[in-house]
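S.K.: pasted the sequence and its predicted model underneath.
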Amino acid sequence: MPFCTDRDCTAESCDCGFFTDEGSQLRRLVDGDRGVLDPEEIAFIILEPVQGEGGYRIPSQSFGDEIAALADEYDITLMADEIQSGLSRTGKRWGADHYSFEPDVIAAAKALRVGATISTDEIFPDQKSRLSSTWGAGDILAALQGALTIDAIEEHDLRVNARTRGEQFLDRLAGLAADFEAITDVRGLGLMLAVEFDTKADRDAVQKAALQRGLLTLGCGHSVLRLLPPLDVTEREVHLSCDLLADSLADVFGAS
Ligand SMILES: Cc1ncc(COP(=O)(O)O)c(C=O)c1O
């Protein structure tokens with residue numbers, strides 16, 4: 001399915017390809033008359049509430065509402081891949097918490113230090129060893145690190161910090177977007193932040209310049225630079241990193 005790429009899109013205004021004149025592409029797929037899939041035979045819908053590698057794409061509320069409506073109408077299990085968007089990165093515990101759909105299963109990892117499959121009682125297998133991870137290096141120490149990470153997030157109010165510092169970041173990034181034409185979009189939810197460039201070459205050049213100045217960033221999507229500060233990032237660190245990014249942009253495109 002095409003993923004919603006326009007955070008403000010509605011069924012009427014959509015030009016991201018998910019919504020059609022007669023509903024959504026997903027609805028069409030399971031439609032009794034025109035669809036090609038029998039909803040009874042669908043094992044699950046899986047999605048990233050906010051796309052990571054795909055380009056830090058934040059879908060619209062309408063997209064989320066349609067997923068919720070379809071999962072509910074046809075009783076389809078909903079799985080959320082929260083491996084990048086989860087664990088408070090977006091300012092809420094799960095990326096899905098920004099939307100109306102309610103996942104039955106959540107996959108978490110990365111910041112948790114260990115891979116975890118979380119699900120409702122009805123879905124979780126009764127049999128022992130149906131879920132295991134001997135080849136994935138999951139172990140008791142990693143599990144403990146995960147548990148302590150969750151404790152630290154709660155104890156230090158890091159979701160609040162992610163939201164506050166995320167807004168500070170976005171403010172600065174909007175200023176940079178106004179100064180540099182090569183930036184076509186800046187977006188973010190909490191501390192899942194992205195700067196999109198005209199071309200991949202521009203993105204790569206800025207990423208390299210930033211690294212030379214000591215600012216570590218990552219690419220994603222086609223021409224997107226992602227910024228993933230730690231959840232306990234401070235106001236000063238946000239300033240410093242935005243200054244470094246501004247200098248890197250000036251290195252590549254000339255002073256604004
Ligand atoms: C959103 C997301 N899901 C899942 C994974 C893990 O994939 P795998 O275990 O297949 O490497 C990653 C890894 O980067 C990811 O970013």
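M.R.: It's in.

S.K.: which parts of the chain are helices?
M.R.: Secondary structure of the chain, counting by DSSP state H: helices at 25-30, 61-73, 140-155, 158-179, 200-212, 235-253.

S.K.: can you pull out the low-pLDDT segments for the chain?
M.R.: By pLDDT under 70, the weakly predicted segments of the chain are 129-138.

S.K.: domain ranges for it, per the record?
M.R.: As given by automatic domain parsing, the domain ranges for the chain are 19-155, 158-253.

S.K.: can I get those domains in JSON lines with distance to residue 1 and mean neighbour count?
M.R.: For the C-beta atoms, the positions are set from N, CA and C on the backbone; glycine is no exception. Output for the domains of the chain, formatted as JSON lines (distance: least, Cβ to Cβ, whole Å; neighbours: other Cβ atoms under 10 Å):
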{"stretch": "domain 19-155", "distance to residue 1": "6", "mean neighbour count": "17"}
{"stretch": "domain 158-253", "distance to residue 1": "17", "mean neighbour count": "18"}
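
S.K.: report the contact partners of residue 78.
M.R.: Counting by Cβ atoms under 8 Å, 6 or more residues apart in numbering, residue 78 touches 44-46, 67, 71, 101-105.

S.K.: how about it, nearest residue that isn't a chain neighbour?
M.R.: Counting by Cβ to Cβ, 6 or more residues apart in numbering, residue 71 is the residue found nearest to residue 78 once chain neighbours are left out, at 4.5 Å.

S.K.: now the residue lying closest to residue 34 once chain neighbours are set aside: how far from the ligand?
M.R.: If the residues on either side of it in the chain are set aside, residue 34 comes closest to residue 28, at 6.1 Å by Cβ to Cβ, 6+ apart. From residue 28 over to the ligand the distance is 26 Å, taken as Cβ to the nearest ligand atom, to the nearest Å.

S.K.: OK, contacts around residue 28?
M.R.: Neighbouring residues of residue 28 by Cβ under 8 Å, 6+ apart: 20, 22, 34-35.

S.K.: those into TSV, with extra columns for distance to residue 231?
M.R.: Output for these, formatted as TSV (distance: Cβ to Cβ, whole Å):
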residue	distance to residue 231
20	38
22	42
34	45
35	42
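
S.K.: got phi/psi on whichever residue of the stretch 51-200 of the chain sits closest to the ligand?
M.R.: As assessed by Cβ to the nearest ligand atom, the ligand sits closest to residue 83 within the stretch 51-200 of the chain, at 3.7 Å. Main-chain dihedrals, residue 83, degrees, to the nearest 10: phi -60, psi -30.

S.K.: just confirm it contacts residue 109, I think it does.
M.R.: Yes: using Cβ atoms under 8 Å, residue 83 is in contact with residue 109, at 4.7 Å.

S.K.: so what's the residue nearest in space to the middle of the chain up against?
M.R.: In the chain, the residue lying closest to the centroid (Cα atoms, centre = their mean) is residue 50, at 2.9 Å. Residue 50 makes contact with 56-59, 84-85, 90, 95, 98, 189, 192, according to Cβ under 8 Å, 6+ apart.

S.K.: now swap in residue 94 and tell me
M.R.: Applying Cβ under 8 Å, 6+ apart to residue 94 gives the contacts 49, 80, 82, 85-87, 103, 106.

S.K.: excluding chain neighbours, what is closest to residue 163?
M.R.: Nearest residue to residue 163, sequence neighbours excluded (Cβ to Cβ, 6+ apart): residue 91, at 3.8 Å.

S.K.: any idea how far residue 206 is from the residue nearest to residue 78?
M.R.: Applying Cβ to Cβ, to the nearest Å, the value for residue 71 to residue 206 is 39 Å.

S.K.: for stretch 79-94, measure first residue to last.
M.R.: Chord length of stretch 79-94, first to last residue, is 12 Å (Cα to Cα, to the nearest Å).

S.K.: sorry, wrong one. I was asking about stretch 213-223.
M.R.: Stretch 213-223: ends 20 Å apart by Cα to Cα.
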